[in-house]
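Colleague: coordinates only, sequence not included:
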Ligand code: PBG
């Protein structure tokens, strides 16, 4: 045998020398849930180790993350049921929980990179990402609301706005609105290929944001399809997206790779709530090794071609010292 691939695996030094992909703190974006009140920190039951924070505690959490080198955060609000309506009016109301959270974080920690989520669901009495009329999700009417949300986020200091709603044309609509209001430097991370997935369950528990009727299949993509992702990516690129995101992550590594190979924009992967819940449940039962299963998962996103990884594991990876120098 002239070729013996095992020679390149014979020692740790050689294995490290030829390692193709690495994970670093710079790749990680930490999603954080926020809730109204003071001194609140309540665990999401289906996501052990993940909490909903009131703004005072959110600031403490962000500070402790910054201290260990985690610098990017994606915020999601838990809104009281009584504040929700058909048009998600509170989503762009001055002084709402979300806008106060963005402002406070940016005021106290200007170096923190804040990603904000644009979609109606946390504020919608229907629990949908768009306006519902006679069981239908209205696309163009929804754009107006998304636009108002995005502008409010930009005014509050968002660094990156991430539309997660899957309405057609929203990237172009929001880009133009931001530009005409002087927010040319605010980035757009598009949820480009967002699938109608069962893996969002724990997130919807965290925000109490599940659809009251029906499902999201007329706007989120069919898990059986991959070529459709190319159409979405093409449109997002033409409409001015700065990042293309694939969501969920682990069951869609092929889509991450597909977009990586066909587009030159940075690719983000969302390692969603259900993926986190799944690993944690197995780890808690002693069925999987914690560090190895989490690190292997995160590295798989890098191998598939993602530069940014939105993951609930972000803090523990740094806190527990799992990143190699
Ligand atoms: C809202 C939104 C969802 C997630 C991020 N933004 C849920 C959904 O579309 O129902 C899911 C994130 C996760 O599961 O971790 N549009």
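Modeller: It's in. Note that the structure is predicted; figures quoted are calculated from it, not measured.

Colleague: look through this structure and tell me its longest helix.
Modeller: helix 139-156 (DSSP state H).

Colleague: what about it and the ligand, any contact?
Modeller: No - residues of helix 139-156 are not located near the ligand by Cβ under 6 Å from any ligand atom, the shortest gap being 10.8 Å. Heads up, the C-betas are built off the backbone N, CA and C, glycines and all.

Colleague: next: stretch 250-263.
Modeller: No - residues of stretch 250-263 contacting the ligand under Cβ under 6 Å from any ligand atom: none, with a closest distance of 12.0 Å.

Colleague: for the ligand, what are the nearby residues on this protein?
Modeller: 117, 119, 121, 129, 164-165, 200, 203-204, 272-273.

Colleague: distance to residue 14 added to these, as CSV?
Modeller: Shown next, in CSV, are the residues of the chain next to the ligand (distance: Cβ to Cβ, whole Å):
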residue, distance to residue 14
117, 43
119, 47
121, 49
129, 49
164, 43
165, 47
200, 41
203, 41
204, 46
272, 36
273, 38
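
Colleague: where does this structure have low pLDDT?
Modeller: Applying pLDDT under 70 to the chain picks out residues 325.

Colleague: show me where the stretch 151-300 of the chain has strands.
Modeller: Here the stretch 151-300 of the chain has its strands, by DSSP state E, counting those that start in this stretch, at 160-163, 187-194, 243-247, 267-271.

Colleague: let me know the angle separating the second one from strand 243-247.
Modeller: Put simply, strand 187-194 runs at 30 degrees to strand 243-247, going by axes from the mean of the first three to the mean of the last three Cα atoms, to 10 degrees.

Colleague: please apply the same query to the last one.
Modeller: Orientation note: strand 267-271 sits at an angle of 30 degrees relative to strand 243-247 (the same axes, to 10 degrees).

Colleague: neighbouring contacts of strand 267-271?
Modeller: 29, 189, 191, 243-250, 256, 259-260, 297-298, 301, 304-313 (Cβ atoms under 8 Å, 6 or more residues apart in numbering).

Colleague: likewise the second one?
Modeller: If you take Cβ under 8 Å, 6+ apart as the criterion, strand 187-194 is touched by 115, 159-166, 171, 174-175, 178, 220-221, 228-229, 232-233, 236, 240-247, 252, 255, 259, 268, 270, 308.

Colleague: which among those count as buried?
Modeller: Buried by 16 or more other Cβ atoms under 10 Å: 115, 159-166, 171, 174-175, 178, 220-221, 229, 232-233, 236, 240-247, 252, 255, 259, 268, 270, 308, out of the contacts of strand 187-194.
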